[in-house]
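> From the sequence below, what's the structure:
(chains A and B)
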There are 2 protein chains.
Amino acid sequence: MSHVRVHNFAISLDGYGSGEPQSREEPFGHAGERLHEWMFTTRFWNEMHDDPGGSEGADNALAIRHGQGIGAEIMGSNKFGPPGWQDDPDWKGWWGPNPPFHTPTFVLTHRPREPIEMEGGTTFHFLDASPAEAVEQAKAAAGDLDVRIGGGATVIRDAIAAGLVDHVHLVQVPIVLGRGSNVWEGLEALEDGYDIEATSTSSGVTHLTFTRRR
Amino acid sequence: MSHVRVHNFAISLDGYGSGEPQSREEPFGHAGERLHEWMFTTRFWNEMHDDPGGSEGADNALAIRHGQGIGAEIMGSNKFGPPGWQDDPDWKGWWGPNPPFHTPTFVLTHRPREPIEMEGGTTFHFLDASPAEAVEQAKAAAGDLDVRIGGGATVIRDAIAAGLVDHVHLVQVPIVLGRGSNVWEGLEALEDGYDIEATSTSSGVTHLTFTRRR
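Now for the predicted structure:
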């Protein structure tokens, strides 16, 4: 049975998954790279960038779950590009010719376009669909493998609120952003449906994992 | 040099220090006792209630800091009583004849009344004052000892935003309240002024400690 999972989604202490305003120059707005620095020291990150070494503790063990057993990703419009990317027919995402997804990747947008086949197994499909419809299509594409909800905060919280998500991994970073897109909105009483674990690590972050009760 | 400290202030994952609506029957609204259960198993809590035993790990070590070296407390109106307590001339707080403060305790309210002397060293003083004015009076009362800001969320965040607080200890509990009084409001970039540590414990909570940079 294929699962729907969220991995490595970093938030501030006050729950923001990105800052504002988001732009081509500043994809995460006033958050900059600060939500993701915990990952830059892991072996997971280094291997993606053909660098040697990196930490192999709990941060890394949780980070590498990102790709394990995943057969498709769903992402929101704001993850795929800066505001207005829909007006640029040549925009192919932030990630260069070989994006780090390596599976069919479904981009939610009200202005769908033709699929884009990239190197390394990533094909971007553009869907004007609800989270539930997107999950159905992504599961069909993933076969026996799982589906990852890649973010941003809006897509993640909408998918959780719709009861679509089996496992969530958030990484709480010790900064207070104050504004942006908040992952907790609309998720009152989330603990009723999930077992929640909190694990702080020596890098200063706290991993929050949510496992759906059966 | 006397410090201003916050201890044992519990919040939900989304930053709420209490639920709503608050009432005489439900002091923490829909949060109930869930924000404080982590404390009920500690030796700190048991000793306060003349019960034997209790845990003596990190939860307890952090919890007992609450009273160490404290010479006065400041609390908000909503901590002292339910909405409307100002209309009850006999209201003396939630805590019975011997409240757990044992020092001068300053209650911020727009409707001050005469001081109330309780058993065990607690005297409630009622102040219509800004956080800065309250801290000044509390420091005078505390002598060489420190001042504790006792909550709720509004008083804590106002005192932090006003630059009055040297040390903050929050306890993040794995529930999502969705509504209530949020401790993070107005604290953007808090990390610029404080060293922040996160420590998760086997009880499932994460202790967040903020130490002002000198």
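
> Please make it C-alpha for all contacts and neighbour counts, starting now.
Noted.

> which parts of chain A sit against chain B?
Of all the residues in chain A, those in contact range of chain B (C-alpha under 8 Å from any C-alpha of the partner chain) are A:14-15, A:174-179, A:184-191, A:196-201, A:204-206.

> ok, of those, which come out buried?
If you count burial by 16 or more other C-alpha atoms under 10 Å in any protein chain shown, the buried members of the residues of chain A next to chain B come out as A:14-15, A:174-179, A:184-187, A:190-191, A:196-201, A:205-206.

> Looking at the residues you listed, which are in strands?
Taking DSSP state E, the ones among these that sit in strands are A:196-200, A:206.

> show me what contacts the nearest residue to A:A189 once chain neighbours are set aside?
Nearest-residue entry for A:A189: B:V176, 5.3 Å, with adjacent residues in sequence omitted and distances by C-alpha to C-alpha, 6 or more residues apart in numbering or on different chains. With contacts defined as C-alpha atoms under 8 Å, 6 or more residues apart in numbering or on different chains, B:V176 is in contact with A:184, A:187-191, B:12-14.

> Residues in contact with the longest strand belonging to chain A: which ones?
Residue-count comparison of every strand in chain A, with assignments taken from DSSP E, identifies strand A:4-12 as the longest. Here strand A:4-12 makes contact (C-alpha under 8 Å, 6+ apart) with A:17-18, A:35-36, A:62-63, A:65-66, A:135, A:146-151, A:156, A:164-177, A:183.

> same for the following helix or strand past it, what does it pack against?
With elements assigned by DSSP states H and E, the helix or strand that comes after strand A:4-12 is helix A:37-40. Other elements packing on helix A:37-40 under the criterion 3 or more C-alpha pairs under 8 Å, 6 or more residues apart in numbering or on different chains; DSSP states H and E are helix A:58-63.

> tell me what the helix it packs on is packed against?
Here helix A:58-63 touches strand A:4-12, helix A:37-40, helix A:43-48, going by 3+ C-alpha pairs under 8 Å, 6+ apart.

> could the ones you listed be laid out in CSV, adding mean neighbour count?
As requested, the helices and strands packed on helix A:58-63 are arranged in CSV below (neighbours: other C-alpha atoms under 10 Å in any protein chain shown):
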stretch, mean neighbour count
strand A:4-12, 24
helix A:37-40, 18
helix A:43-48, 17
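
> Save the ones you listed as a markdown table, and put in mean pLDDT too.
Output for the helices and strands packed on helix A:58-63, formatted as a markdown table (pLDDT from 0 to 100):
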| stretch | mean pLDDT |
| --- | --- |
| strand A:4-12 | 98 |
| helix A:37-40 | 97 |
| helix A:43-48 | 94 |
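
> Make JSON lines out of these and add distance to B:F44.
Compiled in JSON lines, the helices and strands packed on helix A:58-63 are given as follows (distance: least, C-alpha to C-alpha, whole Å):
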{"stretch": "strand A:4-12", "distance to B:F44": "31"}
{"stretch": "helix A:37-40", "distance to B:F44": "34"}
{"stretch": "helix A:43-48", "distance to B:F44": "42"}
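
> Can you read off the pLDDT for the residue nearest to A:A189?
B:V176 is assigned 98 on the pLDDT scale.

> Of all the helices and strands packed on helix A:58-63, which one is nearest A:T105?
Across these, A:T105 has its closest neighbour in strand A:4-12 (13.7 Å, C-alpha to C-alpha).

> Given the closest one, what are its sheet partners and their directions?
Strand A:4-12 has its sheet partners listed here by DSSP bridges as strand A:146-151 (parallel), strand A:167-173 (parallel).

> In chain A, which helix is the longest?
Using DSSP state H to assign secondary structure, the helix with the most residues in chain A is helix A:131-142.

> what sits up against that one?
The list of residues contacting helix A:131-142 from outside it, by C-alpha under 8 Å, 6+ apart, reads A:2, A:4, A:70-74, A:104-106, A:108, A:127, A:145-147, A:155, A:158-159, A:162, A:164.

> Then stretch A:52-66?
Defining contact as C-alpha under 8 Å, 6+ apart, one finds that stretch A:52-66 is touched by A:6-8, A:38-39, A:41-46, A:201, A:203.

> quick one: average pLDDT of it?
Stretch A:52-66 shows an average pLDDT of 96 in the prediction.

> in that stretch, what's buried?
Neighbour-count burial for stretch A:52-66, with 16+ other C-alpha under 10 Å as criterion, is recorded at A:54-55, A:59-60, A:62-63, A:65-66.

> Quick one: residues contacting the one residue sitting closest to the centre of chain A.
When chain A is reduced to its mean C-alpha position, the closest residue under C-alpha atoms, centre = their mean turns out to be A:G150, at 2.6 Å. In this structure, A:G150 makes contact with A:6-7, A:9, A:73-76, A:156, judged by C-alpha under 8 Å, 6+ apart.

> Next: A:G193.
Taking C-alpha under 8 Å, 6+ apart as the contact definition, A:G193 lies against A:212-213.

> One more: A:N46?
Going by C-alpha under 8 Å, 6+ apart, A:N46 touches A:40, A:52-54.

> any idea which of those is closest to chain B?
Within the set of the contacts of A:N46, A:F40 lies nearest chain B; the separation is 19.3 Å, counting by C-alpha to the nearest C-alpha.

> Buried residues of the longest helix of chain A, list them for me.
The neighbour-count check on helix A:131-142 (16+ other C-alpha under 10 Å) flags A:131, A:134-135, A:137-139, A:141-142 as buried.

> what's the pLDDT at A:D146?
At A:D146 the predicted local distance difference test score is 98.

> no, scratch that, I was asking about A:M1
Note on A:M1: pLDDT of 81.

> Could you measure from it over to A:K139?
The spacing between A:M1 and A:K139, counted by C-alpha to C-alpha, to the nearest Å, is 10 Å.

> Identify the contacts common to these two.
With contacts defined as C-alpha under 8 Å, 6+ apart, no residue is shared by A:M1 and A:K139.

> returning to what we had before: for the longest helix of chain A, list the C-alpha coordinates in PDB.
Presented in PDB, the C-alpha positions along helix A:131-142 are these (Å, rounded to 0.1, in the frame of the first residue of the first chain):
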ATOM      1  CA  PRO A 131      -4.600  17.900  -3.400                       C
ATOM      2  CA  ALA A 132      -6.800  14.700  -3.400                       C
ATOM      3  CA  GLU A 133      -6.900  14.600  -7.200                       C
ATOM      4  CA  ALA A 134      -3.100  15.200  -7.400                       C
ATOM      5  CA  VAL A 135      -2.400  12.400  -4.900                       C
ATOM      6  CA  GLU A 136      -4.500  10.100  -7.000                       C
ATOM      7  CA  GLN A 137      -2.600  10.900 -10.100                       C
ATOM      8  CA  ALA A 138       0.800  10.800  -8.300                       C
ATOM      9  CA  LYS A 139       0.000   7.400  -6.800                       C
ATOM     10  CA  ALA A 140      -0.800   6.000 -10.200                       C
ATOM     11  CA  ALA A 141       2.500   7.300 -11.500                       C
ATOM     12  CA  ALA A 142       4.400   6.000  -8.500                       C
END
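
> Please consider this matter closed, and thank you.
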